[in-house]
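Peer 1: generate a structure from the sequence data that follows.
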Amino acid sequence: MEGASDGFEVVTSEGSGGEQSPASSQGKAVGEAGDPAEKPLLPEPAGTAQSERGWNQQSPSQNSVLPESTEKGTMTVSMIKDNGTPRKTWPNFENQEYFPGEVIQQDYHMPDVITVRVETGSNSFQEVVVKVERPTYNKPFLGGFRNMSTGVEFHNAGSQTKPKKRPDKGIQLFSRGTQTAVEKNTRQQTRNTTSTQMTKTGLYVSNMTDKLITPGKYFTAEEYHKRRVEAVIVIQKYFRRWHAAYLVQNMKEQRRLRLAREAQEELQKKWEKEEKLRREYKKKLNPKTREDFELLYHDLELWMQEETERINRTLTGGKRKAALCALLEEETELIACIGMHKLSANLENQQKAILHFLGKCAQPRRWKAFDGKITEMDTQNSLRGKELLEIYRSISTKDIPKDERISVLLTLKWTVKEHECKLTEEIVALIDREIDLMSREVKECNLEGLRKRICTLFLQYIKTPEFNPQVAGLIKVPQDPLTLYKNVYFCHSCEKYLPPSEFPIPASSHTIGRCRSCYQLDNEARKREAYFKYRLILEDLRKSEVDYQDDSKIVFLVQLPDMQYLIENIWNCRSALSACSDLYELVMVRWDKQHEWSPWNTILLTKEEADAHLKLCNLQKTYEAPFIYRIEQKHIRAKNYFARIPAMASFLHRSNNQSNANSYQKNSSSNVKK
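Peer 2: So this is what the prediction gives:
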């Protein structure tokens, strides 16, 4: 251990080959610099007797007192290496005798300059002049110990480096350690003092509650660890059993949920199919719309084909002709029955359309506020529309009492007389005539025509913007006839001028042909085709294309006849995978989902097959080559058909350019790999 010592500066006296080496620090006497002898030393550790062996065996860090010498001393340092470690010898002062075990004098003072002899070889020495630097500060005494036999004191280690001073900021600072006292309480005894009491003379202690404790069987550490391993194995067995049971139970639960979901999906599909059949049956049983009558005529055509085929297969000669004539008469009766239903349905639909139109005229103004609430406001025009709507409902109602009918007619009369014109005068005259006939007890069946005339004229009165301002924005016929001539087309079949909305334009047509009524009449008389199932497929296809959000346009150009041709002639009304022929279960999806739908990028599948097909990433690896070739042939047929359509030509050229670019990229990438 080193005590507080002075620093050294080594100065070489010889200019050639001199080595500079730091000298060992020299310790101070106990009575010097801070009087460490007055401070208590630390306990003496073991092995302090080594100091009795002399100076040559002491550690260079020992802070022993050196003998007196002249102003300049001589120190010999051996530079010979033993086993790669330099060996140093301590100072050898001339004319000084040292005896082991003798206490060295304490009044030695280190001179300012000393000469050190350095052994550079076996018989060569070099003298080195060493200047001693005096410390400018007193090093702290860190304690030490004293050899009891020799009285030599050894100080603990200290640093020779000057401590780094903090810059003076001109502000007096206080550390927290000087202001705060840290206290810590530590218990040195047990919490409760306990004692035992034994039976002795004059004292009896009962031993009824005492417990006899006997030592158990002694077991070694190997037996202890063996028991622990066995216990761990048992715990692992039970845990693995529990984990296996948990996994099995979880798998059973997942299987149960999957089976329940599949059963639910199967029931849902069955219910949807039954609902479609029920809706189709309801449409045929009680037809209301144009689509419903198309289904009736389509079923009539199928029935006629089956009966004709049966008659031609089973009968010949005169019996065959008679059966065909009877079949024709039966077909005529069915067509007449369907026509009667159609007339009644048209009257009912016309009445509903009129009430719907008048309901729009009576609607108040509506707007949506910032908080999402809808505000309604009745204006003067909307109130007028409500009044006229109530009067029309009352007039068109049948089988009402005579007094109520007269009251409604008088209300209508006073409402109409507010405006004087030829139309209002005619309505007033008809109202007076009906009231006169009712007073003469004329039967209601004879008044039916008169009442229809009143309703028709009053409806014309309501549709006049001068009498009902709310209707100005709802009528289809513009007020200016000149604007009507610019947007009217002529139907060569029925020879009527109609707006463009009345002309269906298929994708394969180049000019405007017949109107919708003529198309419908021709379909009922000749083809008798129903587009109900194809319309469902087209609606599902358009919904799925909207979900892609890639601006697909071709699907909205395809009309029902085009979809019918695509399904019947290209795909033969069958699924490409399972050959399912039920159109209610078939859907049309993209063949390559990376490109928009088109007749040459589509495939007809069932709903389950379509869901699985859309999840595929690579069609070439999933499907076999013959299947892909068959699909490509259908796409080529679709291209040849739709290439004649002007609206499809531009999309077809664009898809061809894109496919050529993709094939060029594939070929270039394959060449690079090669």
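
Peer 1: strands of the stretch 451-600 of the chain, start to end?
Peer 2: In the stretch 451-600 of the chain, strands defined by DSSP state E, counting those that start in this stretch lie at 489-491, 496-498, 586-590, listed in chain order.

Peer 1: deepest of these, which one?
Peer 2: strand 586-590 (a mean of 22; mean count of other Cβ atoms under 10 Å). Every C-beta, even on glycine, is put in place using the N, C-alpha and C of the backbone.

Peer 1: which outside residues touch that one?
Peer 2: 537, 540-541, 544, 566-567, 573, 575, 580, 596-597, 601-607, 610, 613-614 (Cβ atoms under 8 Å, 6 or more residues apart in numbering).

Peer 1: with just CA atoms, put it into CSV.
Peer 2: Extracted in CSV, the C-alpha atoms of strand 586-590 (Å, rounded to 0.1, in the frame of the first residue of the first chain):
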residue,chain,number,x,y,z
LEU,A,586,-74.6,-19.3,-60.6
VAL,A,587,-72.7,-16.0,-60.6
MET,A,588,-70.3,-14.4,-63.0
VAL,A,589,-66.9,-13.2,-61.7
ARG,A,590,-63.5,-12.2,-63.1
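
Peer 1: give the pairing partners of it; include direction for each.
Peer 2: strand 602-606 (antiparallel) (DSSP bridges).

Peer 1: after the partner strand comes which helix or strand?
Peer 2: Later in the chain than strand 602-606, the nearest helix or strand by DSSP states H and E is helix 607-614.

Peer 1: and the lengthiest helix in the chain, how far out from the chain's middle?
Peer 2: The single longest helix within the chain, with elements called by DSSP state H, is helix 221-285. Relative to the chain's own centre, helix 221-285 is displaced by 26 Å; criterion: Cα atoms, centre = their mean, to the nearest Å.

Peer 1: by contact count, what packs against that helix?
Peer 2: Using 3 or more Cβ pairs under 8 Å, 6 or more residues apart in numbering; DSSP states H and E, the elements in contact with helix 221-285 are helix 290-314, helix 532-548.

Peer 1: state the mean pLDDT of that helix.
Peer 2: In this model, helix 221-285 carries a mean pLDDT of 92.

Peer 1: now do stretch 147-159
Peer 2: On average, stretch 147-159 scores 84.

Peer 1: with stretch 608-620 instead?
Peer 2: 89.

Peer 1: contacts for it?
Peer 2: 575, 577-578, 587, 589-593, 603, 605, 622, 628.

Peer 1: Arg187 sits in which helix or strand?
Peer 2: Applying DSSP H and E, one finds Arg187 in no helix or strand.

Peer 1: how close does it get to Thr150?
Peer 2: 44 Å (Cβ to Cβ, to the nearest Å).

Peer 1: quick one: which of those two has more around it?
Peer 2: Thr150 (17 against 6; other Cβ atoms under 10 Å).

Peer 1: now that one, what's its secondary structure?
Peer 2: Following DSSP: H, G, I helix; E, B strand; the rest coil, we place Thr150 in the coil state.

Peer 1: next structured bit after the lengthiest strand in the chain?
Peer 2: For the chain, the strand with the greatest residue count under DSSP state E is strand 125-133. Using DSSP H and E, the helix or strand that follows strand 125-133 in sequence is strand 144-146.

Peer 1: so which elements touch that following strand?
Peer 2: strand 153-155.

Peer 1: mind listing the strands the strand it packs on pairs with, and their directions?
Peer 2: Strand 153-155 pairs in its sheet with strand 144-146 (antiparallel), by DSSP bridges.

Peer 1: quick one: contacts for the closest residue to Cys515 other than its chain neighbours?
Peer 2: In this structure, Cys515 finds its nearest non-sequential neighbour in Cys491, 4.3 Å apart by Cβ to Cβ, 6 or more residues apart in numbering. By Cβ under 8 Å, 6+ apart, the residues touching Cys491 are 497-498, 502-503, 514-515, 518.

Peer 1: could you redo the last one with a cut-off of 6 Å?
Peer 2: By Cβ atoms under 6 Å, 6 or more residues apart in numbering, the contact list for Cys491 reads 498, 514-515.

Peer 1: quickly list what it is bridged to.
Peer 2: The bridge-partner assignment for Cys491, based on DSSP bridges, gives Lys496.

Peer 1: so how far is Gln236 from it?
Peer 2: 89 Å.

Peer 1: and Phe145, by the same measure?
Peer 2: For Phe145 relative to Gln236 (Cβ to Cβ), the value is 58 Å.

Peer 1: more neighbours: which of the two?
Peer 2: Neighbour totals were compared for Phe145 and Gln236, and Phe145 leads with 17 against 10 (other Cβ under 10 Å).

Peer 1: what is the more buried one paired to in the beta sheet?
Peer 2: Applying DSSP bridges, one finds that Phe145 bridges with Phe154.

Peer 1: distance of it from Asn138?
Peer 2: 21 Å.

Peer 1: and what of Gln520?
Peer 2: Distance check for Gln520 against Asn138: by Cβ to Cβ, it reads 122 Å.

Peer 1: who has more neighbours, those two?
Peer 2: Per other Cβ under 10 Å, whichever of Gln520 and Asn138 has more neighbours is Gln520, with 16 against 9.

Peer 1: still on that earlier bit, need the contacts of stretch 608-620 in a markdown table (columns: distance to Trp414).
Peer 2: Below are these laid out as a markdown table (distance: Cβ to Cβ, whole Å):
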| residue | distance to Trp414 |
| --- | --- |
| Ser575 | 68 |
| Leu577 | 72 |
| Ser578 | 71 |
| Val587 | 60 |
| Val589 | 64 |
| Arg590 | 65 |
| Trp591 | 70 |
| Asp592 | 71 |
| Lys593 | 68 |
| Ile603 | 68 |
| Leu605 | 67 |
| Thr622 | 78 |
| Ile628 | 79 |
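
Peer 1: of these, closest to Arg279?
Peer 2: Set against Arg279, the nearest of the contacts of stretch 608-620 by Cβ to Cβ is Val587 (18.1 Å).

Peer 1: for the closest one, give its distance to Leu604.
Peer 2: From Val587 to Leu604 the distance is 8 Å (Cβ to Cβ).

Peer 1: next one: Thr411
Peer 2: Taken as Cβ to Cβ, the span from Thr411 to Leu604 is 61 Å.

Peer 1: ok, Val205 touching Thr196?
Peer 2: No - using Cβ atoms under 6 Å, Val205 is not in contact with Thr196, being 9.4 Å away.

Peer 1: out of these two, which sits in the busier spot?
Peer 2: Val205 (10 against 5).
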